[in-house]
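S.K.: Show me the folded form of this:
(one chain, ligands or ions: 1)
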Amino acid sequence: MPVTRTLKKKTPKRAKKEVLYAIPQDGLELFNFEETAEYGDRPYSVFLNDPEHHIRLLKGNCIEVLNKARENSVDMIFADPPYFLSNGGITCHAGKMVSVNKGKWDVSKGIKENHEFNLEWLKACQRVLTPNGTIWVSGTTHIIYSIGFAMQELGFKILNDIVWYKRNAPPNLSCRYFTHSTEIVLWASKNKKSKHYFNYPLMKASNQGKQMRNVWNISSPPPIEKRFGKHPTQKPIDLLRRIVLASTKEGDLVLDPFCGSSTTGVASLLLNRKYVGIDMEENYLELSKKRIEETLKKPSLFNFSETAINNG
Ligand SMILES: C[S@@+](CC[C@H](N)C(=O)[O-])C[C@H]1O[C@@H](n2cnc3c(N)ncnc32)[C@H](O)[C@@H]1O
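M.R.: Numbers count the residues shown, from 1 in each chain. This next block holds a predicted model:
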């Protein structure tokens, strides 16, 4: 009797579901106005729009603004959020004892509420990052643990904790503590699956051919970077230059949700990256605008090059 073999029917492979990301043609189109129109009013006003140089400044609360922006559209975010340290303490400024008062936006609302805020804006940032995009967040002891915890809760992948050593930090007037001279900058990718970009060769080349470590020796901003007025928590251009060079390519879109005086914008502009900055305060956006306009007029002032990274 012939043996009949039943052949197992091959089940056809299911076609992989293609995920389509709404990456706009113009990288600055963080908002597709037709799409967002249905959400009602725009939660921001456009303070500066310069399509020729790919720069946009928006006035508004970054959480509301980003929650209405396109998802998966930003390559890199640098965030310097409120550290919540304007609470009647003292500090040393230009050799004098002064009270810490950076503005209403920097007043603590208590540990829990501050953490809720950090969760909310980080979530909004995560949504707009491209699948392989990364975020950098600076902070001191006042917020950095909350930021790190919130990142873990939201499923970011923490890539590095950079110790930014400020070699010209002011002295501690109370003489009851070590002098505070560092900030932490956390670098994280959108999630565990992200294949983040890191310009390893450039970082190595700019560090005398040695692997760059996570301790960065960079001074606080010199007076020339504050010639249009002072932002109380302005970051040095050197710090942002290194961050932009390490984690983005030319033409990428960089976002700063708490842009202040737009140090991130100045570095992005000088390195041919697109930039969107958000801030709630008009006077800081005015300062941003002046710095950006000056950079456009005199880029040579900043003596920028791809490799010249001063590692102290
Ligand atoms: C720490 S400062 C950033 C300074 C900036 N990195 C620079 O180099 O000038 C934080 C900024 O966030 C702004 N800000 C605070 N809360 C905000 C919010 N919810 N949305 C948008 N901006 C906010 C403040 O007005 C302030 O200018």
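S.K.: What pLDDT is listed against the residue of the stretch 151-300 of the chain found nearest the ligand?
M.R.: Of the residues in the stretch 151-300 of the chain, the one nearest the ligand is G260, at a distance of 2.7 Å by CB to the nearest ligand atom. Glycine gets a C-beta too; all of them are placed from N, C-alpha and C. Listed pLDDT for G260 reads 97.
S.K.: tally of neighbours for it?
M.R.: Residues near G260, counting by other CB atoms under 10 Å, number 22.
S.K.: all helices of the stretch 151-300 of the chain, in order?
M.R.: Using DSSP state H, counting those that start in this stretch, the helices assigned to the stretch 151-300 of the chain run over residues 200-205, 237-247, 263-270, 282-297.
S.K.: still on that earlier bit, mind listing what the residue of the stretch 151-300 of the chain closest to the ligand touches?
M.R.: By CB atoms under 8 Å, 6 or more residues apart in numbering, the residues touching G260 are D80, H231, T233, Q234, D279, Y284, L287, S288.
S.K.: Please convert those residues to CSV, extending it with distance to the ligand, pLDDT and neighbour count.
M.R.: Shown next, in CSV, are the contacts of G260 (distance: CB to the nearest ligand atom, whole Å; pLDDT from 0 to 100; neighbours: other CB atoms under 10 Å):
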residue, distance to the ligand, pLDDT, neighbour count
D80, 3, 98, 24
H231, 4, 80, 25
T233, 4, 89, 17
Q234, 4, 94, 20
D279, 5, 97, 26
Y284, 4, 96, 25
L287, 8, 96, 22
S288, 8, 97, 28
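S.K.: middle-most residue in the chain, spatially?
M.R.: What sits nearest the mean C-alpha location of the chain, by CA atoms, centre = their mean, is F78, with 0.7 Å.
S.K.: Which helix or strand contains that one?
M.R.: Assessed by DSSP states H and E, F78 sits inside strand 74-79.
S.K.: quick one: contacts of that strand?
M.R.: Taking CB under 8 Å, 6+ apart as the rule, strand 74-79 contacts 30, 121, 125, 128-130, 133-138, 240, 243-244, 247-249, 252-258, 264, 276.
S.K.: same thing but at 6 Å, please
M.R.: 125, 128-130, 133-137, 243, 247-248, 252-258, 264 (CB atoms under 6 Å, 6 or more residues apart in numbering).
S.K.: repeat for stretch 157-170
M.R.: 92, 151, 181-189, 192, 214-217, 219-220.
S.K.: Give me the nearest residue to K226, chain neighbours excluded.
M.R.: The spatially closest residue to K226, leaving aside those adjacent along the chain, is Q234, at 6.5 Å (CB to CB, 6 or more residues apart in numbering).
S.K.: The one you found is in contact with P221, isn't it?
M.R.: Yes. Q234 is in contact with P221 according to CB atoms under 6 Å; the separation is 5.2 Å.
S.K.: For the protein, what lies in contact range of the ligand?
M.R.: Contact residues (CB under 6 Å from any ligand atom) of the chain with the ligand: 61-63, 80, 82, 105, 231, 233-235, 258, 260-261, 263, 278-281, 284.
S.K.: Mark which of the contacts of stretch 157-170 are buried, thanks.
M.R.: With burial judged by 16 or more other CB atoms under 10 Å, the buried subset of the contacts of stretch 157-170 is M151, E183, I184, V185, L186, W187, A188, S189, W216, S220.
S.K.: Could you dump those residues into JSON lines with distance to H142 and pLDDT added?
M.R.: Below are those laid out as JSON lines (distance: CB to CB, whole Å; pLDDT from 0 to 100):
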{"residue": "M151", "distance to H142": "16", "pLDDT": "98"}
{"residue": "E183", "distance to H142": "11", "pLDDT": "97"}
{"residue": "I184", "distance to H142": "11", "pLDDT": "98"}
{"residue": "V185", "distance to H142": "15", "pLDDT": "98"}
{"residue": "L186", "distance to H142": "14", "pLDDT": "98"}
{"residue": "W187", "distance to H142": "19", "pLDDT": "98"}
{"residue": "A188", "distance to H142": "19", "pLDDT": "98"}
{"residue": "S189", "distance to H142": "25", "pLDDT": "98"}
{"residue": "W216", "distance to H142": "20", "pLDDT": "97"}
{"residue": "S220", "distance to H142": "18", "pLDDT": "91"}
